[in-house]
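In: Please find the sequence and the predicted model below.
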Amino acid sequence: MTAIADQTCAALADVSGCDLRVPLVQGGTAGYANFDYAASAPALRQVTDRVADLLPYYASVHRGAGYASRVSTDCYESARGSVARFLNAAEDQVVVFTRNTTDSLNLLAACVPGDTVVLDVEHHANLLPWTRRGRRVVPVADTIEETIQRLVAELCSKPAALLAVTGASNVTGELLPLERLAWIAHQCGTRILVDAAQLAPHRRIDLRTTGIDYLAFSGHKTYAPFGAGVLVGRRDWLDAAQPYLAGGGAVRAVSTESVEWAPAPQRHEAGSPNVLGVAALAAACDALAELDETTVIEHEQYLTHRLRYGLKTVPGVNFLRIWRDSTDAVGIVAFTVDGFEPGQVAAYLSAEHGIGVRDGRFCAHPLLSRLGVDAALRASIGLGTTAADVDRLVEAIATLVARGPAWNYARTEGHWNPVPETRPFGSSAEGGAACGF
């Protein structure tokens, strides 16, 4: 094993739940092997520490003279600086806090003064919102190069206000050349939006260097709980648009006959904000910025290659891929297993091995249809993933293919479940500390 492999076998960061043990249907427990980072990543320890420090001072922000309110306000507003530094945002780009990536993209969709061009491989969050102003969908080709040529042809055929693309596919993890796409869009008089929900947790993004105009991502995928997201982008469209929500905090002055709206970001943040969620998001950005990017990429690529290599040795495992010329991807592996429905495999992994993966269509129905499958399995890798986790997943899939499941499984209400289900959940579970556990 190489020196790099030695260094990347262990977790890179302390994440919540790293020592979690979960019950198995056959009895006993197992350490939880989390391969569902792409859905929601566990909180970094630095994040939970910062939230714990803030909790005694938690109060309403912006209009309170009390000390706790002043502390909360300072924390909330300074979080914009953490996000801006994390992305190296330009001077004319503002940080708007939202609920999540979907919320951010819907907000921007209401601000775009014209058509938006998208690819047909997008997550629904970056496919559905643009219909309100004019959406033009470009089907991807078998290669990235031909896909880019199709985008060029579409952007040249008719003016478009915005090109909206994924930074990393939430199904396969494949990356698009964002700096090149930004240059192409600008040559055509078009701005570019990047859905970075899957990219931000894995790679550093420099808005100044790449020329990206707008970017959105979610705290819950970036090791920060409590439901906050962010939209970072050029001020002019955000200042010209009607507020995303009408209410307190978004105004300068109100009478019964008129209203003077505040500029962005306050213009689009009406109501009491999610102070703890924003603090968690900022703490995650600060923590991720401190990690060495090369080490993070090496860790992820080593474990991803180890997983792919292991699964390739199992008969009947098939990988999903969008472009045959793609050379880079974040730590996401999507696959199917011949003879088993993805939901059945996911239920087996959880019930008999304590392994968590995602199954289904991943809120990317057009992409799954393009890839010729109704559903698939997705194993995603993060800072807390270890080589031992990867080996457990490969061994569990190999056991399933060789001998089948040791338990019975049935589909109930659209989901696969072990029969009988012997594991306690919710208030009946033992040893937990929350939700009545």
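Out: Here it is on my side, so go on.

In: only C-alpha atoms for contact and neighbour calcs from this point on.
Out: Will do.

In: What's the per-residue pLDDT of Gly414 here?
Out: Looking at Gly414, its pLDDT reads 86.

In: ok, so what distance separates it from Gly343?
Out: Using Cα to Cα, to the nearest Å, Gly414 is found at 9 Å from Gly343.

In: Name the residues of stretch 283-292 that are buried.
Out: By neighbour count with 16 or more other Cα atoms under 10 Å, stretch 283-292 contains the buried residues 283-289.

In: Looking at Gly414 and Gly343, which one has more neighbours?
Out: Using other Cα atoms under 10 Å as the criterion, Gly414 and Gly343 rank with Gly343 on top: 21 against 8.

In: in what helix or strand does Leu163 lie?
Out: Leu163 belongs to strand 162-166 when assigned by DSSP states H and E.

In: Likewise for Val83?
Out: Assigned by DSSP H and E, Val83 belongs to helix 67-87.

In: Which strands or helices does that helix pack on?
Out: Judged by 3 or more Cα pairs under 8 Å, 6 or more residues apart in numbering; DSSP states H and E, the packing partners of helix 67-87 are strand 93-98, helix 275-290.

In: which residues sit against the following helix or strand past the strand holding Leu163?
Out: Using DSSP H and E, the helix or strand that directly follows strand 162-166 along the chain is helix 178-187. Residues outside helix 178-187 that contact it (Cα atoms under 8 Å, 6 or more residues apart in numbering): 148, 152, 155, 163, 167, 191-192, 209-212.

In: and Leu393, that's in a strand?
Out: No. Looking at Leu393 with DSSP: H, G, I helix; E, B strand; the rest coil, it is helix, so not inside a strand.

In: Count the residues that sit near it.
Out: Using other Cα under 10 Å, Leu393 is surrounded by 25 other residues.

In: Surely it touches Ile355?
Out: Yes. Counting by Cα atoms under 8 Å, Leu393 touches Ile355, with 7.0 Å between them.

In: what residues do those two have in common as contacts?
Out: The contact lists of Leu393 and Ile355 share Leu349, where a contact means Cα under 8 Å, 6+ apart.

In: just to revisit the earlier point, who touches the helix holding Val83?
Out: Residues from elsewhere that reach helix 67-87 (Cα under 8 Å, 6+ apart): 54, 57-64, 95-96, 204-207, 232, 275, 278-279, 281-283, 285-286, 289.

In: Spit out the contact partners of Gln198.
Out: 38, 167-170, 173, 217, 221.

In: Tabulate the residues you listed (TSV), appending pLDDT and neighbour count.
Out: Listed next are the contacts of Gln198 as TSV, based on pLDDT from 0 to 100; neighbours: other Cα atoms under 10 Å:
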residue	pLDDT	neighbour count
Ala38	98	26
Gly167	98	26
Ala168	98	28
Ser169	98	26
Asn170	98	26
Gly173	98	22
Phe217	98	28
Lys221	98	27
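
In: hang on, the earlier thing: so for the helix holding Val83, what gets flagged as buried?
Out: The neighbour-count criterion (16+ other Cα under 10 Å) identifies 68-73, 75-77, 79-84, 86-87 as the buried residues of helix 67-87.

In: If we go by neighbour counts, what in stretch 295-312 is buried?
Out: Result for stretch 295-312 [16+ other Cα under 10 Å]: buried residues 296-297, 299-304, 306-308, 310-311.

In: actually stretch 141-161, sorry about that
Out: Buried residues in stretch 141-161 (16+ other Cα under 10 Å): 144-145, 147-148, 150-152, 154-155, 160-161.

In: Which of the residues you listed sits closest to Glu260?
Out: Nearest to Glu260, judged by Cα to Cα, of the buried residues of stretch 141-161 is Ala161 at 26.8 Å.

In: Quick check, that closest one in contact with Cys111.
Out: No. Contact between Ala161 and Cys111 fails when scored by Cα under 8 Å: they sit 10.5 Å apart.

In: what number of residues lie near the residue lying closest to Gly339 once chain neighbours are set aside?
Out: Leaving out its chain neighbours, the residue that sits closest to Gly339 by Cα to Cα, 6 or more residues apart in numbering is Gly316, at 8.0 Å. Neighbour count of Gly316, defined by other Cα under 10 Å: 15.

In: any idea how far Gly316 lies from Phe335?
Out: Applying Cα to Cα, the value for Gly316 to Phe335 is 10 Å.

In: and if you look at Gln266?
Out: Applying Cα to Cα to Gln266 and Phe335 gives a distance of 43 Å.

In: ok so, going back, can I get the buried residues of stretch 295-312 in JSON lines including pLDDT?
Out: Putting those into JSON lines (pLDDT from 0 to 100) gives the following:
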{"residue": "Val296", "pLDDT": "96"}
{"residue": "Ile297", "pLDDT": "96"}
{"residue": "His299", "pLDDT": "96"}
{"residue": "Glu300", "pLDDT": "97"}
{"residue": "Gln301", "pLDDT": "96"}
{"residue": "Tyr302", "pLDDT": "97"}
{"residue": "Leu303", "pLDDT": "97"}
{"residue": "Thr304", "pLDDT": "98"}
{"residue": "Arg306", "pLDDT": "97"}
{"residue": "Leu307", "pLDDT": "98"}
{"residue": "Arg308", "pLDDT": "98"}
{"residue": "Gly310", "pLDDT": "98"}
{"residue": "Leu311", "pLDDT": "98"}
